[in-house]
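Undergrad: could you work out the structure for the sequence below:
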Amino acid sequence: MSQWPAIADIAARVQSGELKAVDLVKQSLAEIDKNKDYDVIISAVQDRALERAEAIDKRAAKGEKIGRLAGVPFIAKDNFLTFGGCTTAASNMLKNFEAPYQATAIEKLEAEGAICVAKANLDAWAHGSSTENSDFFVTKNPHDKTRVPGGSSGGSAAAVALGIVPFAIGTDTGGSVRLPASFCGVVGLKPTYGLISRSGIVAMASSTDVVGPLTRSTEDSALLLDVMAGRDDMDSTTIGKDPKGYGLQVTGYSMQGKKVGVVKEYFGEGLSPDVKSVIDAAIQKLKKAGADVNEVSLPSLPLALAVYYIICPAEVSSNLARYDGQRYGHSAKDAKDLDGSYYLSREQGFGAEAKRRIMIGAHVLSSGYYDAYYKKAQTVRTKIIKELEQAFSKYDFLIGPTAPTTAFKIGAKSGDPLQMYLTDIMTVAANIAGIPAINLPAGLVGNLPVGLQIMAPQKADLELLGVARAFEELA
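TA: Below is the predicted model:
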């Protein structure tokens, strides 16, 4: 696994001419080729990446100011619209789709000089927790090829863990940045809902979808959040960024006197004893650093997963309705009439998990079941939000494991959707409530990483990054 310097260091050296953006892009492309066995990448964006790198090197040679990410190669999850190749969402429905515009997050990264070199594998439509639901291939865990990298941003997390790029970006709808970050041993940040624009991203569940970076350090995540955050006219749900920004000022943060709540419900049945041991050791580190750590109970938290898997499929069924074979995406050539085209295009284009979520979503939104399922789930969602708000009135941060186990074997849960959904049990609450959360590598069980999850109140992303940085310095 290649080791990259800090992102800010790479950019500074490209700006000064010490490093060449072209060489960095070629290095990333070589790493992609070297790590083919892990099935991380759906497609490389080679020609466009090299063209952008050459242009950046010419500007640097002239002494022009490039940006805070000058020449830094990165990989985007393949549900971000990008130029230079297809955007597939790892689905046969979009196998040959070329984006007419780029996602706002991609535009902001490129405006600061970053270079997208490839598109990463994911669970098709971001529906999954293991990247086994990709219509193309299964990505392998960088620490053990027999295990999953987590999902749905498994390709992005694996790319960073393998050293293919200094950073990657993914989407987190119910834990899809944090879970693979935990399984692959990297930093995965889920910002406050709306802090990064969702424009130009293939939608999954619009009320919980969030863009997040996957990096080797909190410092890198802070820089990337600072670049991508802010309002966007193309996304009415976006919010303004913190006037202080989120950059390098997160260094020097003290744990002394910070009130940290250990979520009781995350330490019950289903938590691996080995994972618990690693998290307990991390909690002791926080205490030694001066944090005031106590147990806190959130009684409605066990309902978060049920709430999520009602609301999420409901929004999925709505968002996937546009893929009907008539406008763009896969269109069945063997259909004999319009009705047949609708049916066959969706039958051929969607995989099993997409069909499952469409059917569940249509069911809970139907007139006979709306009140019993969807409306009740939204009511409980509000209760969970209120309980989190009450907890944050007493504690600065809430912590627990990111996942109940380390990365599981490929195929171990793919035949049991309920067991697969339970993988998200510790991450969905942050999405339901729209609060920021981060996964930090906390230790190993054998050679498999364990992640510590830290959550903060809405819009307290700067404080979250600060405490995460302080935890890294304790390690």
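
Undergrad: can you report phi and psi for the residue nearest the centre of the chain?
TA: Closest to where the C-alpha atoms of the chain average out (C-alpha atoms, centre = their mean) is Val177, at 2.5 Å. When read as degrees, to the nearest 10, the backbone of Val177 gives phi -100, psi -40.

Undergrad: do you know the pLDDT at it?
TA: Note on Val177: pLDDT of 98.

Undergrad: measure it to Leu223 for me?
TA: In this view, Val177 and Leu223 are 16 Å apart by C-beta to C-beta, to the nearest Å. (C-beta placed from N, C-alpha, C; glycine too.)

Undergrad: circling back: contacts only, for the residue nearest to the centre of the chain.
TA: 153, 156-157, 170-171, 188-190, 210, 212-214, 439 (C-beta atoms under 8 Å, 6 or more residues apart in numbering).

Undergrad: could you dump those to a markdown table with pLDDT?
TA: Formatted as a markdown table, these follow (pLDDT from 0 to 100):
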| residue | pLDDT |
| --- | --- |
| Ser153 | 98 |
| Ser156 | 98 |
| Ala157 | 98 |
| Gly170 | 98 |
| Thr171 | 98 |
| Gly188 | 98 |
| Leu189 | 98 |
| Lys190 | 98 |
| Val210 | 98 |
| Gly212 | 98 |
| Pro213 | 98 |
| Leu214 | 98 |
| Asn439 | 98 |
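
Undergrad: now rank those by neighbours and give me the top one.
TA: Greatest neighbour count in those, by other C-beta atoms under 10 Å, goes to Ser156: 39 neighbours.

Undergrad: may I have the helix or strand harbouring that one as PDB, with CA atoms only?
TA: Using DSSP states H and E, Ser156 sits within helix 154-161. What follows is helix 154-161, C-alpha atoms only, in PDB (Å, rounded to 0.1, in the frame of the first residue of the first chain):
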ATOM      1  CA  GLY A 154     -16.700   0.500  -0.600                       C
ATOM      2  CA  GLY A 155     -14.600   1.200  -3.700                       C
ATOM      3  CA  SER A 156     -13.800   4.700  -2.500                       C
ATOM      4  CA  ALA A 157     -12.700   3.500   1.000                       C
ATOM      5  CA  ALA A 158     -10.700   0.700  -0.500                       C
ATOM      6  CA  ALA A 159      -8.900   3.100  -2.900                       C
ATOM      7  CA  VAL A 160      -7.700   5.200  -0.100                       C
ATOM      8  CA  ALA A 161      -6.700   2.300   2.100                       C
END
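
Undergrad: got the phi/psi numbers for Gly76?
TA: Careful, residue 76 is Ala; it's not Gly. According to degrees, to the nearest 10, Ala76 has phi -110, psi 140.

Undergrad: count the neighbours of it for me.
TA: Neighbour count for Ala76, taken as other C-beta under 10 Å: 28.

Undergrad: check Arg48 too.
TA: 16.

Undergrad: the following helix or strand past the helix holding Ser156: partners in the sheet, and parallel or antiparallel?
TA: For helix 154-161, the following helix or strand on the C-terminal side (DSSP H and E) is strand 167-172. Applying DSSP bridges, strand 167-172 is found paired with strand 73-77 (parallel), strand 210-215 (antiparallel).

Undergrad: pretty sure Met455 contacts Thr402?
TA: No: with contact defined as C-beta atoms under 8 Å, Met455 does not reach Thr402; the gap is 10.4 Å.

Undergrad: one step back: would you list the contacts of Val177 in TSV and tack on distance to Lys264?
TA: Shown next, in TSV, are the contacts of Val177 (distance: C-beta to C-beta, whole Å):
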residue	distance to Lys264
Ser153	28
Ser156	32
Ala157	28
Gly170	29
Thr171	29
Gly188	24
Leu189	25
Lys190	22
Val210	26
Gly212	26
Pro213	30
Leu214	29
Asn439	20
